[in-house]
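In: the following block contains a protein sequence and its predicted model.
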Amino acid sequence: MLHVYIEPVPKGQWGPIDGYRIETQDGTKLLGELHRSERLAVSEARLHGYVPLLATVRIPDKAVAEHWKPADMALASI
């Protein structure tokens, strides 16, 4: 299965998060919509057969493995 990244929006800015987008490794936005929460974005990604990864930092870099964790581990601790 293909991994996808759940990224906070707006990217690269400090301040409040407006929502979350689902993206591939190369930055392609999937489904085009902005999700209100990480849980909703993870659920949508799973419905479409993807394996979601959640950011562990506010400004994530897809090339840095430490910036990401599997959604199963992250949402289990909430």
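Out: Sure, I can see it. Numbers count the residues shown, from 1 in each chain.

In: just the residues contacting stretch 30-49, thanks.
Out: Residues outside stretch 30-49 that contact it (Cβ atoms under 8 Å, 6 or more residues apart in numbering) are 1-2, 4, 6, 9, 18-24, 50-52, 54, 71, 74-75. From N, CA and C alone the C-beta is placed, and that goes for glycine too.

In: next one, pLDDT for E33 please.
Out: Per-residue confidence (pLDDT) for E33: 87.

In: and the contacts of stretch 30-49, which of them are buried?
Out: V4, I6, G19, Y20, R21, I22, E23, Y50, P52, L54, A71, A74 (16 or more other Cβ atoms under 10 Å).

In: send the alpha carbons of stretch 12-20 over as CSV?
Out: Extracted in CSV, the C-alpha atoms of stretch 12-20 (Å, rounded to 0.1, in the frame of the first residue of the first chain):
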residue,chain,number,x,y,z
GLY,A,12,5.6,26.6,6.7
GLN,A,13,3.8,29.1,8.9
TRP,A,14,3.5,29.4,12.6
GLY,A,15,0.1,30.1,14.1
PRO,A,16,-3.2,28.2,14.0
ILE,A,17,-3.7,25.2,11.8
ASP,A,18,-6.6,25.6,9.4
GLY,A,19,-6.9,22.0,8.6
TYR,A,20,-5.1,18.9,7.2
